[in-house]
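J.: Structure, please.
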Amino acid sequence: MQSASQRLSFNRARRLLAWVAAFLLCGEIAALAQLPFMNAGPDSAFAQIDFAQIYLDTQNRHIKEIERIRAQDKERVDSGVVSALDLEAPNNAVEEFNRASTLLKAQNSKEAMKHLQKAIVDYPKFVSAHIGLGLAYVDQGDPSHAKSAFEEAAKLDDKFPGSFCHLGQLALSLNDFATAESALEKAASLRPKDAGILSILAYAQNGTQQYEQVLQTAQRVHALDHKGIANVHYVAAAAAMALKDFDTMEHELSFFVGEDPTNALAPVARQNLAALAHNKEVRAAAAVHAQSATTVSVAQTVQTFPNSDRLRAQLSGLGDESDGGTCANCLAEADSPKMGGASGVASIVPGSSVGRIGGVWTIHKSVDDVALFFSVSSHGHMVNDLEASNIQIRDDNKPPEKVVQFAPQSKLPLRLALLVDTSGSVHDRFSFEKSAATKFVQKVLSNPSDLGFIAGFATEPTVTQDFSSNPAALGNGIDKLTNGGGTALFDAVSFACRKLGEYPEDERVARVLVILSDGEDNSSHSSLKQSAQVAERTGVTIYTVSTKEGLGDKTDADRVLEVLAERTGGEAMFPGDLHTLGSSLDKLRELIRSRYFIAYKPANFQPNGSYRTITVIAEKNGKRLQVRARKGYHTRVETSPN
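T.: So this is what the prediction gives:
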């Protein structure tokens, strides 16, 4: 960005060059006329001419630096990174914008808005500040003001694609597919080789049932470098299904699995590929509706400690889910395949729709049963012999309309994800943790129908063993974990929950995520609140086992592990030393296998994204027992067909 001081320096340089040229010309005229030059002798004259040459060279270098900065700014504008108008922003407006950016990355959108508004007052044409304000409104669950901010940015600079991209993403989150398609087409026309914009456009085109255009857009994406955007092929497969073009559907699913084999949707894709291979006449096409693309903001990697400003901000940003308000993120997650963990649909079937769960697009049916897992104990001992008559459920303070199923969890197939912190902060304990984890997995997966997968995480999650019922294979997956790197705990939790939630099932299952970590996070793009919401929507119960040594005072990192467990009906464990870790995992195995499962239809259910509280009461022989269950859930949002 060329500052005002740089522009002034450039003008000053031009004037000085003119002065130097005149100076040298006068010197030559004086010499020819044999006139004294500034009362100096010949040596002095040459010395001053040398000085002028040095000064001229210095100014030439300064001008070249200014030209380099100008070329760099032009490249940034041409690449769509920044608006040309932003290059003229004064320093005070830029400083306010930078403060706001830091706050937005820390999920402190309310404070960020104050600085963004100051930046706009200082410089009303600050396009990036208007976009930042729109993102802050999105975070606050205020789509109306977010739209106004994005529209103002687009009006200021209609050559900058970012404004139109954000308008399209916002419209997708509200299921306004026509508006989304229009805005994203404008963004794509400005950046025709941006694979990210094109992939979002494909979702919007699916929503408007422009299936041929979806396939064309997917081809454009495939021709570009599109690492990390393999999901566009999954959406293209759904579009091909709508057109009854099963060869193209098979082709797109093959691309999807080949490009991202450990994607949460990969098992679904493989199942459909198998069905296509055996029978080219698949079922009738679905009514396909794409939903929102979340705005991703890139978080800076910062050093983190057990007590840190970053973790404190994450904890304070959780809020109170029990206030009955509408979940802002649920607007982007509308028509989720599960409410509280009800089983999803394993394959592409009639009456299904394409939806998005925390960055992953899937094909599913709407299910309005609530599936709830809970554990019951008395004075620290698990109670395993309860019947349905011992249990009372209150959903939104009302008894269920109907109880669909009640059973001990041990009778349901288990879907287990073991997520192991492989970051540098656990280096000294890593070998012992892997040994304890191997024994735990071998004991907890006791039935042939049980499946589990192993993933390590540092800066990003890595699957070392995909879904398997073979304890030896899972043990080998644990052995493959390697240590080192940053810690992106929240991103890893979201990834593991989505992968568990999207595994194709023909019956109800128990989804459990076990995390071995010290609870620190210094690299995640998503927040603690967002990862807890993904766990809620996918019906995953989280158990956390702290790997820190020593008990001592509770830290922010400890509280992070507690929140993840408590909000999903699980439990947080703090062994305190490596020798106790093994016995803690043995206790955890008992906890997982001793839970109860109940499925019910809630009374007066409204698919409006509102939060409904859950209360579970367990009594036996006149004694109230201790129950551990999640506190509630957000309902799905009804989508209207186009």
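
J.: Please count neighbours and contacts with C-alpha atoms only from this point.
T.: Fine.

J.: Tell me the pLDDT of L315.
T.: pLDDT for L315: 82.

J.: Look up how far K125 lies from it.
T.: Distance of L315 to K125, computed by CA to CA, to the nearest Å: 35 Å.

J.: Next: S449.
T.: 61 Å.

J.: Of those two, give the one with the bigger neighbour count.
T.: Neighbour count, other CA atoms under 10 Å: between S449 and K125, K125 has more, with 21 against 13.

J.: contacting residues around the more buried one?
T.: L85, D86, A89, L156 (CA atoms under 8 Å, 6 or more residues apart in numbering).

J.: please redo it, this time with the cut-off set to 7 Å
T.: With contact set as CA atoms under 7 Å, 6 or more residues apart in numbering, K125 has these partners: L85, L156.

J.: secondary structure element for it?
T.: Using DSSP states H and E, K125 sits in no helix or strand.

J.: And it, how close does it get to H166?
T.: Distance of K125 to H166, given as CA to CA: 18 Å.

J.: three-state assignment of G452?
T.: strand (DSSP: H, G, I helix; E, B strand; the rest coil).

J.: Show the pLDDT at it.
T.: At G452, the pLDDT value in this model is 93.

J.: buried ones in stretch 618-633?
T.: Going by neighbour count (16 or more other CA atoms under 10 Å), the buried part of stretch 618-633 is A618, E619, L625, Q626, V627, R628, A629, R630, K631, G632, Y633.

J.: typo on my end, stretch 449-460
T.: By neighbour count on 16+ other CA under 10 Å, the buried set for stretch 449-460 is D450, L451, G452, F453, I454, A455, G456, F457, A458, T459, E460.

J.: Which of those residues sits closest to L418?
T.: Set against L418, the nearest of those by CA to CA is I454 (5.1 Å).

J.: what sits against the closest one?
T.: Contacts of I454 (CA under 7 Å, 6+ apart): A417, L418, L419, V463, T464, Q465, D466, L474, G477, I478.

J.: one more time with 8 Å, if that's ok
T.: By CA under 8 Å, 6+ apart, the neighbours of I454 are A417, L418, L419, V420, V463, T464, Q465, D466, F467, L474, G477, I478.

J.: pretty sure the third one contacts A455?
T.: Yes: counting by CA atoms under 8 Å, L419 touches A455, with 5.1 Å between them.

J.: sorry, back to before: what's the farthest-apart pair in the contacts of I454?
T.: For these, the farthest-apart pair by CA to CA is V420 and F467; their separation is 15.7 Å.

J.: what about these two, which has more around it?
T.: A side-by-side neighbour count of V420 and F467, using other CA under 10 Å, places V420 first with 27 against 21.

J.: Quick check: phi and psi on the more buried one?
T.: phi -110, psi 130 (degrees, to the nearest 10).

J.: In the sheet, which residues pair with it? Tell me.
T.: G456, L516 (DSSP bridges).

J.: Does it touch E460 like I think?
T.: No: the pair V420 and E460 does not pass the contact test of CA under 8 Å, sitting 11.6 Å apart.

J.: Could you check the pLDDT of S423?
T.: For S423, pLDDT reads 80.

J.: picking up where we left off before, using JSON lines, lay out the buried residues of stretch 449-460 together with distance to I542.
T.: Compiled in JSON lines, those are given as follows (distance: CA to CA, whole Å):
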{"residue": "D450", "distance to I542": "17"}
{"residue": "L451", "distance to I542": "16"}
{"residue": "G452", "distance to I542": "14"}
{"residue": "F453", "distance to I542": "15"}
{"residue": "I454", "distance to I542": "15"}
{"residue": "A455", "distance to I542": "15"}
{"residue": "G456", "distance to I542": "16"}
{"residue": "F457", "distance to I542": "16"}
{"residue": "A458", "distance to I542": "19"}
{"residue": "T459", "distance to I542": "20"}
{"residue": "E460", "distance to I542": "19"}
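
J.: Validate this expectation: L85 resides in a helix.
T.: Yes: judged by three-state DSSP, L85 forms part of a helix.

J.: Now A407: which helix or strand?
T.: For A407, the host element (DSSP H and E) is strand 402-408.

J.: Contacts for stretch 229-240 next, please.
T.: The contact list for stretch 229-240 (CA under 8 Å, 6+ apart) reads 195-196, 199, 202-203, 206, 211-212, 214-215, 218, 221, 246, 248-253, 255-256, 259-260, 269, 286, 288, 354, 360-361, 363.

J.: and the two most separated of the buried residues of stretch 449-460?
T.: D450 and T459, at 29.1 Å, using CA to CA across those.

J.: Show me the shaky parts of this protein.
T.: Residue ranges of the chain with pLDDT under 70: 1-81, 278-307, 319-367, 410, 424-429, 578, 637-642.

J.: repeat that for 50
T.: Along the chain, segments meeting pLDDT under 50 span 1-40, 45, 281-304, 322-366, 641-642.

J.: Which secondary structure state does the residue positioned nearest the centre of it sit in?
T.: Centre of the chain computed as the mean C-alpha position; nearest residue by CA atoms, centre = their mean is S526, 4.6 Å away. Assigned by three-state DSSP, the conformation of S526 is coil.

J.: try V463
T.: strand.

J.: cool, E507 as well?
T.: E507 ends up coil, using three-state DSSP.

J.: now it: how far from L418?
T.: For E507 relative to L418 (CA to CA), the value is 22 Å.

J.: Comparing the two, which residue is more hemmed in?
T.: L418 (24 against 12).

J.: is it true that the more buried one lies in a strand?
T.: Yes: according to three-state DSSP, L418 belongs to a strand.

J.: Hmm, V514 and it touching each other?
T.: Yes: L418 is within contact range of V514, at 5.0 Å (criterion: CA under 8 Å).

J.: Next, count neighbours for the closest residue to T538 other than its chain neighbours.
T.: Of all residues not flanking T538 in the chain, G501 sits nearest, at 4.9 Å (CA to CA, 6 or more residues apart in numbering). G501: 27 surrounding residues under other CA under 10 Å.

J.: Equivalent analysis for N608, please.
T.: N608: 17 neighbours (other CA under 10 Å).

J.: Bridged to it, which residues?
T.: V637.

J.: Would you confirm that F453 contacts V420?
T.: No: taking contacts as CA under 8 Å, F453 lies outside contact range of V420: 11.2 Å.

J.: What segments of the stretch 151-300 of the chain are helices?
T.: All helices of the stretch 151-300 of the chain, identified by DSSP state H, counting those that start in this stretch, fall at 161-173, 177-190, 195-207, 211-222, 231-242, 246-259, 266-278.

J.: want to throw the ones you listed into JSON lines with distance to P607 and mean neighbour count?
T.: Output for the helices of the stretch 151-300 of the chain, formatted as JSON lines (distance: least, CA to CA, whole Å; neighbours: other CA atoms under 10 Å):
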{"stretch": "helix 161-173", "distance to P607": "16", "mean neighbour count": "27"}
{"stretch": "helix 177-190", "distance to P607": "20", "mean neighbour count": "23"}
{"stretch": "helix 195-207", "distance to P607": "20", "mean neighbour count": "28"}
{"stretch": "helix 211-222", "distance to P607": "28", "mean neighbour count": "20"}
{"stretch": "helix 231-242", "distance to P607": "25", "mean neighbour count": "28"}
{"stretch": "helix 246-259", "distance to P607": "31", "mean neighbour count": "20"}
{"stretch": "helix 266-278", "distance to P607": "26", "mean neighbour count": "18"}
